[in-house]
Structure formats: C-alpha cells, structure tokens
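mind looking at a prediction? Sequence and model below.
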Amino acid sequence: MAFFSKNSRTIINNLKSKAGLSRLMKQSRNCCSMSCLNNTNCCRFIPLTTIPQLRNPDSYSHKKGFLFCFQRFQSTTSEQQFASLPNGEHNQELDFPGGKVVLSPEMQFLSESPCVYNHCYRVLDDNGQLISNSNFVQVSEEIAVKMYSNMATLQILDTIFYEAQRQGRISFYVTTIGEEAINIASAAALKSDDIVFPQYREPGVLLWRGFTLQEFANQCFGNKADYGKGRQMPVHYGSNKLNYFTVASTIATQIPHAVGAAYSLKMDKKDACAVTYFGDGGTSEGDFHAALNFAAVTESPVIFICRNNGWAISTPTSDQFRSEGIAVRGQAYGVRSIRVDGNDALAMYSAVHAAREMAINEHRPILVEAVTYRVGHHSTSDDSTKYRPADEIEWWKMARDPVTRFRKWIEANGWWGSETESQLRSSIRNQLLQAIQIAERAEKPPVNDLFTDVYDNIPSNLHEQEKWLRGTINRHPKDYPADVPV
Amino acid sequence: MFGVVKQKMLRLSLTQIRPAVSALRSYSSAAKQMTVREALNSALDEEMSADPKVFLMGEEVGEYQGAYKISKGLLEKYGPERVLDTPITEAGFAGIGVGAAYYGLKPVVEFMTFNFSMQAIDHIINSAAKSNYMSAGQMSVPIVFRGPNGAAAGVGAQHSQCYASWYASCPGLKVLMPYSSEDARGLLKAAIRDPDPVVFLENELLYGESFPVSDEFLDSSFCLPIGKAKIERVGKDVTITAFSKMVGHALKAAEILEKDGIDAEVINLRSIRPLDRSTISASIRKTNRLITVEEGFPQHGVGAEICASVVEESFAYLDAPVERIAGADVPMPYAANLERMAVPQVEDIVRAAKRACYRSEPLAAVA
C-alpha cells in the first residue's frame, strides 16, 4: 500500500508541530508499521498499548483518550480520502485539523438569523389546558400540589419582603415575580444531590429544597442566626446543606464555577449534575462563553438554565444581543440546547428532567433557555416604569401569570380548590409576618464575626486588630450601638 | 539528573522509613544541586501522588509538558483528567478551577504568565479570595494559582509586570514568592496543602537556576511554613529586604558591600501576604537601617508597605531614612539597554545601602 505520498508527508510534518501528535506518532511507530496511519481500523489499537491509563476499557478516560487519538489521526488520512473521491464533484469533503469541511464553489454566508425561528417547547396553553399531542413528563398529584404551594409561597414571600423594604425594615430586596415557574419547576425536576449555582433571582430553588421562611428572613435582616453571619446584602442566600452555593453579586461568574463543579462530579463518578441559573444579560459576559465552551470540551454534566426575561435592569434584549435568543448560542458551542416557555411549569419540569438525564448519563452539558417576563422591577433600587410602559407590566402580571396558569391545571385535575387556596395564602402570610418580626428583633452578629473566615485560621494581625477594636469599644461605649453584642 | 531525583523521592515517599532518611543525612557531604524547574515539578508530582484531589489545569500544561516545562511528565503519569489542557480562556479556567475548589477538589491553576491573570482577576479576587468570608465559612477555596511573574528578558511591557502588590493587598489571599529551589519546592507544597486560596508567583529567569539542596529537602514531607521570611545572610549594618529574583541581586550587593566594610543583612521575604513583619522588625531593631528591593513598579509596591510598617512599629530604632529600590515607573521597554535600566541592578542596591550608612550623599535635598 503506497501510503506516504509527498503531500501527506507535508501534512504530517505540519501537524507534528502541533503539541502531542508527534508523541503519539513516535509511539505508533513502536507498536505498528506506518501503514497503520492510513487504516483507521488500526487506530483503535494504538491508544491501548501506549497510553497506560487507557488499559481499563471501562474507565471514562479510555473513551476520551481514544476519541482524542482517533480524531487526530483522522486528519492525516485526508490524502487518501481525497484520492478516492471522483474528480469534478462539487461536494468534496476535506479534513482540516480545525474540522471537517464540505467544499463548494458557491460563496455562501451563514445568515445572521435563522430562517426558521427556534421551536419553543410548551405543554400548557395560556389557560392552563394541556395542549393536544404534547409530550411531557407526568407529574404526580403530590408533586404538582407541592409545586403549586411553593410557587404561591414564593409570590407571597416576594410581596411581603418587598413591602418590608419599602417600610425601611430591610435595606434591599430582589423579587422573582413572573419567574415562579422557572424557579420551582426546575427545582422539582432536580435531585437534592445536584449542586445549584444561582444568580440572584432563584430563591424558589432554595424554597423547594427546604429553606424555611425564618431562614430567608434571618438573611435579609443580617442577624445572628443568618448563615452568612451578616456579611452580605439581603437575598444573598446560601446553604451548604441544601447544595445551594451562596449568591454572589457578580454577574455570570457562577457559570464557570458550575462547570468546574460538574467536572469534579464527573471525576468522582457521582450520580448528580451541576445546575446554574443566569439571565439574558448574563449571557453577554465573557464567563458565559468561556464556560459553555469549556463544558463542551470537557464533557461535563452541567445544566445551564437561562432566564430570558427580556430585561437586564433597563436594557432590553434588543440592546443586549442580536442572536436569535440564547439557545442558538448553545448550539454554536457544541452544546445541546432547548427553548422552553418559562411560564409553563409543566414544560419547565419536563425539559429540566430530560436535561438532567442527558447530562448525567451522556456526560454532556445542556442549555435550557426559559423565555419569560420580569414582572417586578430589577430590585428595590429600580423603578421600571421609567423605561417600560406600566400597562405592559400589568398585562404580563395578570394575563400571563405562571402561578395562575398552573393552578388552573391542578384545579382541572381536582387536586386544588378555592378553599385550599385561601387557606394556603393566609397561612403563609401569617407565618411570614411572624418570621419577620422574630428576625427583626433578633441580635446582630457578634463583633468577632468581623474577623473570622477571611482565612481558614485567623491570622495574627486580625487577632491584634480585634483586640484594639474591643479596647476602643470598652473605652467609648456611647459611640457603639447597643444591639451589637461584643 | 531529574530522573535520579524523581526515583529517590518516590522511594522515600513509598517507604517513609525514618532511619533511611537519617542515614541519607549522614552521607550529605556532597551538595546536591537542583534547578527551580525541577523543584517545582517534583513538588507538583508528589502532591498529586499523595492526594487524588489535586489536579493541574492551564494552557499547554499537558501535551506540551508545560509552557516552561514545569509540568513535564505529569500528563503521562496522571492522565488527562488530572492534567487538563484548557482552551484559551483565563477567565474560563480560573472560574472552572474555583468551581472545582468549591466542590472540594484542590486545583492548581497555571497562568502562562501572571500578566494574563488580569483576564481572570475577577475570579481570583471576587470568587476565590472573598468567598470564604462572604459565605461565612460555607465555601472554602483550596486553590493555587501559579505561574511566572515579573520581568523576564526582552518580552516587553505586557509580559513583564510584577503582580505581587496587586494580589498582596487583598484579604483572603495568600501570596508566596520563592527564590531558591528550596523555596520553590517547600512553598509550593505548602500552598497546595493550604485550605486558603494561594497566589504563587514564580520567576521565569529563575527556572533554570541551580541551587544546592539538602536531603531533608528531598523528603516528600518537606514543607516550608507560610508567613515566615528567611534570613539569607546575617548582618549588622543595614537590612535589605528582597523577594524572588532580587534576592540574588541583594546577596551579590552584600558581597560588594562587605569589601567596603558594610555588613548587610539580606532577608528573603518568601511570603508577601502574610508579610513576616516580626522578622523584618527584629532585623531593623538590630541594624537600624532599611532598604527594600523589588522589581515591580514603585508606587503602592511591596516596598511601600514594608517601609510604612517599619516606620509605624520601629521608628525610634531607625538611624536613617528608609529607602525603596524598585523598577522604573514605566511600562517595560523591549530594547536590551532600556530594559536593563528599567529593572534594579546590583549597583543600585549597593549605592542605596551606602546612602543608608551615610557613606554617600543622600538622595533627598538637604536644606
């Protein structure tokens, strides 16, 4: 077999300079003759004999190494492929190290927007009726009722805390109004071992997992019982126990964190995935792009859930990006993606459920774009009527409310009624008001919490500073508030 | 050379028999030499071997054996899951590393140079340094960011900046800067074992330099404490603090000064954060004169912190104004003659020491 024509030698020499190929080629020379390079069948044997960690065919690294080797060697067989295709054909294929290409003499630019809009998956119509021929994951009565209760609880939680901020009892708050279905339905489709990396508009996931109303209140009031020891602004919740990583204020930084954790889960061979949430605005950050690319390359079990709610504070999506939504971006990075009606709790549940199976069983990232509307203001520091019409907000709040839509479905199934509705709402309201009272009256964190956790062990300079501070407080007690325990 | 050392270390770590170690000590008459590169490689190798949670990630660390060959042989030994060649995204892999650390692994993230770490600095500061505090101890970050830092030779402005003072100003980070092979090996092991995020600033020009090493150094449990400086040369007339490459310059300056009857004490800081203020203070109280030396930009540099600290704590002991020697306040030029003038040289340190000892005119105007 005349395999090493002049051209392929040039190709191979060019490729040799690419890291790694030369090493593999040296190894290949040891184990089999040069003819192996042109016979893709033989490639299968090369990794097993020369790269030790691939000896166990069951280990994942074997597959990865094999794929790596196989793809690299594919490119050197181009000469052979080219020679075997009939001349004068328009659709010739060629392998470059950067990818397989189909050649064409026609100059064609890819359009900046797809000719056909992405399908958006929905199962319940606007009146909460099941659409015919829909396929979705069945939800039991118990889960459905729990989902609805949590969605309603989230609504009431938001309303009351927002009012508390307006009354000056807490300094700041961020509501999730309009996005209850995304929060609760996605949480319901996950398991407790799945690690969550939130942005800041996902307290519903914590609520689903068992964070109590009192715990929410403690964090917002920054009191002694706050798991965050009073170190962060309200709504920066976190709970190790519930696998929900503490909210940070930075946008999109949690996305690569999630990929890192997913990679670690894969290395540990755990039956769990990482899940991260972010908004439409967050997809502009470099971190989003780096993370998606990385997740695809490392084949990590991570679910990216984008809450495309149309607004990033006052920036509408038309000023944020010009791609046709977010799901197409996933495809650009080699990530399987879906666009879902984020206000349809049943569709969200099904999509995340399917995403989770694929992520864990196939070791791949999945992107779920949930389209919705941010009914509330960005935060208590924002008045969104300044940049969008008040009746638009009102319409989405009344006509497209995800909570009402889901309620109609469970009522139609006979699982819910107006009595249970009013019972739930008044009970939650009372519990919340009480929790706030307790949180408000509780002591603030002690002074030594100023100095702990900077490092694993308190360094000597901070011990010193704490001593000086206590000395100053003792000498000038009138200058310090009475409710700060020393 | 490297192969022999590796085998010896593997043998020691496998057997871990005390008598064998002390027996080796008694044969240590011939001083062994090791380059900083080999020292770093051995530290990475041993820590990865001892703890399966440790893994290495960065551009070119795997197949290419490391941009500066620091991770030579590691991909072959530990496989592609633990030695990860990343796409070109510092922000990406720093973030992924932090995420893995949040989960509980112990990543070692390599930057090709710390100049590129600026693209990842949000993750280093906001995601790594501050997380333990912001989460009230729920999210610890046992990560190491390492790579070459500071000036090399003829690499221009965007490849020559020193980041010691940038990172050392941030609470929550630890910042280490080795000089010798002993420093490199002992401090890198300490950094990997430390539960806090550590920024480990190496120096490209030191990678190839050889230093004598002891047998204790070759043991796999060898580790240096974080936060302790080393007195490289004991003296009584003037204290010269330095770190990384400048330690070598300071030692050469001390030899020159000795001929002129000035006995200089040279302190190798090793740890920029936490700074070993007690060692510096004790030295000042002995010599009464201070020169700080660094390669980086002068304003808000490490020397500024040391001088302020010494003035605060030991003012009454000073017999002369404190002086800082630093790089020129310009982006690093490329031409060899200009580059030489932009970085402190041995003569600069000698002249400063003489000024501190009143052997020559002070720089400041005397009214």
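Noted; the coordinates are in hand.

neighbouring contacts of stretch A:188-196?
Residues outside stretch A:188-196 that contact it (Cβ atoms under 8 Å, 6 or more residues apart in numbering or on different chains) are A:137, A:139, A:143, A:146-147, A:202, A:205, A:208-209, A:242-245, A:258, A:261, A:265, A:270-277, A:348-353, A:356, B:103. Just so you know, the C-beta spots here come from the backbone N, C-alpha and C atoms, and that holds for glycine as well.

list the buried ones in that stretch?
Neighbour-count burial for stretch A:188-196, counted by 16 or more other Cβ atoms under 10 Å in any protein chain shown, picks out A:Ala188, A:Ala189, A:Leu190, A:Asp194, A:Ile195, A:Val196.

just the mean pLDDT for it, thanks.
For stretch A:188-196, mean pLDDT rounds to 98.

with stretch A:473-486 instead?
Averaging pLDDT along stretch A:473-486 gives 83.

gap between that stretch and the chain center?
Remark: stretch A:473-486 is offset 44 Å from the chain centroid, using Cα atoms, centre = their mean, to the nearest Å.

now stretch A:181-199
The chain centroid and the centroid of stretch A:181-199 are separated by 9 Å, computed with Cα atoms, centre = their mean.

and for stretch B:177-188?
Computed by Cα atoms, centre = their mean, the separation of stretch B:177-188 from the middle of its chain amounts to 7 Å.

want to try TSV for the buried residues of stretch A:188-196, with distance to A:Arg441 as columns?
Shown next, in TSV, are the buried residues of stretch A:188-196 (distance: Cβ to Cβ, whole Å):
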residue	distance to A:Arg441
A:Ala188	34
A:Ala189	38
A:Leu190	35
A:Asp194	36
A:Ile195	34
A:Val196	31
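
domains in chain B, by residue range?
Chain B breaks down by the TED database into domains covering B:33-218, B:230-357.

quick revisit: give the buried subset of the contacts of stretch A:188-196 as a ChimeraX selection command.
In ChimeraX, this line selects whichever of the contacts of stretch A:188-196 come out buried by 16+ other Cβ under 10 Å:
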select /A:139,147,202,205,208,209,242,243,244,245,258,261,265,270,272,273,274,275,276,277,348,349,350,351,352,353,356 /B:103
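
what pLDDT does the residue nearest in space to the middle of chain B get?
The centroid of chain B falls nearest to B:Met177 when counting by Cα atoms, centre = their mean (1.2 Å). pLDDT, B:Met177: 98.

how about it, what does it touch?
B:Asn149, B:Ala164, B:Phe200, B:Leu201, B:Glu202, B:Asn203, B:Phe243, B:Ser244, B:Leu269, B:Arg270, B:Ser271, B:Ile272.

one more pass at 6 Å, please.
B:Met177 sits next to B:Leu201, B:Phe243, B:Ser244, B:Ile272 when contact means Cβ atoms under 6 Å, 6 or more residues apart in numbering or on different chains.

export the residues you listed as JSON lines, with columns for neighbour count, secondary structure and distance to A:Pro446.
Compiled in JSON lines, the contacts of B:Met177 are given as follows (neighbours: other Cβ atoms under 10 Å in any protein chain shown; DSSP: H, G, I helix; E, B strand; the rest coil; distance: Cβ to Cβ, whole Å):
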{"residue": "B:Leu201", "neighbour count": "25", "secondary structure": "strand", "distance to A:Pro446": "36"}
{"residue": "B:Phe243", "neighbour count": "31", "secondary structure": "coil", "distance to A:Pro446": "38"}
{"residue": "B:Ser244", "neighbour count": "26", "secondary structure": "coil", "distance to A:Pro446": "41"}
{"residue": "B:Ile272", "neighbour count": "26", "secondary structure": "strand", "distance to A:Pro446": "31"}
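
chain A: which of those is nearest?
B:Ile272 (13.6 Å; Cβ to the nearest Cβ).

so the closest one sits right up against B:Val175, yeah?
Yes: B:Ile272 is within contact range of B:Val175, at 4.3 Å (criterion: Cβ atoms under 6 Å).

sounds good, over and out.
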